[in-house]
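Trainee: based on what follows, work out the 3D shape:
(one chain, ligands or ions: 2)
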Amino acid sequence: MMVSLTREPYPSRELPEPMLLRRREPVLWNDGPGPDWLPPDALERYEQDGFLVLPALLTAEEVALLQREMTALLERFAGSDSASLIREPGSDAVRSIFALPAVSEVFARLARHPKLLGFAEHVLGSQAYLHQSRLNYKPGLAGKEFYWHSDFETWHVEDGMPAMRALSCSVLLTENTEFNGPLFVIPGSHRTYVGCVGSTPEDNYKSSLMTQTVGTPAPESLSLLADQAGGLAAVKGPPGTVLFFDSNLLHGSTGNISPYARANVFMVYNSVENRLGPPQHGLRPRPEHIAHRRQVEVLRHLHEG
Ligand code: 6CS
Ligand code: FE
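Mentor: Numbering: from 1, shown residues only. Ligands and ions are numbered 1, 2, ... in the order given. From the prediction side, this is the model:
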């Protein structure tokens, strides 16, 4: 099977074997100094590692408001059959709630938080809109794993995201410890695009958001990139810790057999220059609540009214 890299720079799935390709885009789409509240070496670390952990970026009051809103949402969605709600495989426990601004003014405002949006606009070198948002509520004793993957690989193949010009912001709403399934990352893996084997079933999202089985890197790809990184990193910290990570960073998390939930809210910022096109392989576009194609308003900072 011939793969033309001029037509398709990031081939994945339908491949005869795994493929490792060098990233084509910059990590930082802006070579300016960045927001003044960032630590001096923050952007350099983000470019090098593909992620950045900022403890206590949000105030205790902001965190308390988000935690109350999370509790209210979980109660509201408990018996819901909403498409935005993903339950844990094999149980009724809530795993994720997508499209948060549609159901919560508090989370709609979080997306426009000047530090979250400001970081995204700087790194993406443009204004931004929300490609996706979700509350990943990994319940104690029931939360299952998220296997290794690159979000960009899914967003490129299944959502038609053209380039690596998006980033995720995860706000920790509970303690993330070594015991309750924190996010694992492979530092530096954002610089390599991992093409995966396997074909994508129709309506793959109906299962992939519970257990991802396609678009997951081959063992040899993971071993090579972890060796290159000199090992893995786990993102741990108290509520209010904020993690920014590049769309193409390899990450995953283990199941949660501790009695304590691991809840994080994710805002995915995409550059307004990188709006979704047609999915790869003739796939049907995923629903609006998972990948925004219509609700793509440019995000305004909270102080802009
Ligand atoms: O398919 C997606 O868009 C989602 N899947 C994972 C495992 N991470 C990114 C995103 O939430
Ligand atoms: Fe992910």
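Trainee: what bridges to the residue positioned nearest the centre of the chain?
Mentor: The chain has Ser168 as the residue nearest its centroid, 4.6 Å off, counting by Cα atoms, centre = their mean. The partner list for Ser168 in beta bridges (DSSP bridges) reads Phe245, Val268.
Trainee: so Leu57 touches Val242, yeah?
Mentor: Yes. Assessed by Cβ atoms under 8 Å, Leu57 is found in contact with Val242 at 4.0 Å. For the C-beta atoms, the positions are set from N, CA and C on the backbone; glycine is no exception.
Trainee: re the thing from before, check contacts around the residue nearest to the centre of the chain.
Mentor: Asp151, Leu243, Phe244, Phe245, Ser247, Phe266, Met267, Val268, Tyr269 (Cβ atoms under 8 Å, 6 or more residues apart in numbering).
Trainee: repeat for Gly32
Mentor: Neighbour list for Gly32: His122 [criterion: Cβ under 8 Å, 6+ apart].
Trainee: measure it to ligand 1 for me?
Mentor: Separation of Gly32 from ligand 1 (Cβ to the nearest ligand atom, to the nearest Å): 28 Å.
Trainee: can you tell me the SS state at that residue?
Mentor: Here Gly32 is recorded as coil under DSSP: H, G, I helix; E, B strand; the rest coil.
Trainee: now do the one 5 residues further on
Mentor: With three-state DSSP as the basis, the three-state label of Trp37 is coil.
Trainee: contacts only, for it.
Mentor: Applying Cβ under 8 Å, 6+ apart, the residues contacting Trp37 are Lys115.
Trainee: do you know how far it is from Val123?
Mentor: Here Trp37 is placed at a distance of 14 Å from Val123 (Cβ to Cβ, to the nearest Å).
Trainee: and Tyr46, by the same measure?
Mentor: Going from Tyr46 to Val123 by Cβ to Cβ gives 7 Å.
Trainee: now do the shared contacts for those two.
Mentor: Val27, Leu28, Phe244.
Trainee: which one (most neighbours) among those?
Mentor: Neighbour counts for the shared contacts of Tyr46 and Val123 (other Cβ atoms under 10 Å) peak at Phe244, which has 22 neighbours.
Trainee: these two touch, right, it and Leu52?
Mentor: Yes. With contact defined as Cβ under 8 Å, Phe244 counts as touching Leu52 (4.8 Å).
Trainee: where do the contact lists of those two overlap?
Mentor: Residues touching both Phe244 and Leu52 (Cβ under 8 Å, 6+ apart) are Tyr46.
Trainee: now do the same contact list for Pro55.
Mentor: Contacts of Pro55 (Cβ under 8 Å, 6+ apart): Gly237, Pro238, Gly240, Thr241.
Trainee: only whichever of those are buried, select them in PyMOL.
Mentor: Buried members of the contacts of Pro55, defined by 16 or more other Cβ atoms under 10 Å, are picked up in PyMOL with:
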select buried, resi 237+240+241
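Trainee: narrow the contacts of Pro55 to those in helices?
Mentor: Among those, none falls in helices (DSSP state H).
Trainee: output the contacts of Pro55 in a markdown table; the columns should cover distance to Leu15 and pLDDT.
Mentor: Output for the contacts of Pro55, formatted as a markdown table (distance: Cβ to Cβ, whole Å; pLDDT from 0 to 100):
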| residue | distance to Leu15 | pLDDT |
| --- | --- | --- |
| Gly237 | 37 | 97 |
| Pro238 | 41 | 97 |
| Gly240 | 41 | 97 |
| Thr241 | 37 | 98 |
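Trainee: ok, the contacts of Pro55 vs His131, which is closest?
Mentor: Nearest to His131 among the contacts of Pro55, counting by Cβ to Cβ, is Thr241 at 22.4 Å.
Trainee: what distance do you get for the closest one to ligand 1?
Mentor: When Thr241 is compared with ligand 1 (using Cβ to the nearest ligand atom), they lie 19 Å apart.
Trainee: of Tyr46 and Val123, who's got more company?
Mentor: Val123 (26 against 22).
Trainee: how about Lys144, secondary structure?
Mentor: Classification of Lys144 by three-state DSSP places it in coil.
Trainee: could you measure from it over to Val242?
Mentor: Taking Cβ to Cβ, one finds Lys144 at 25 Å from Val242.
Trainee: do Gln280 as well
Mentor: Distance, Gln280 to Val242, by Cβ to Cβ: 32 Å.
Trainee: all set, thanks.
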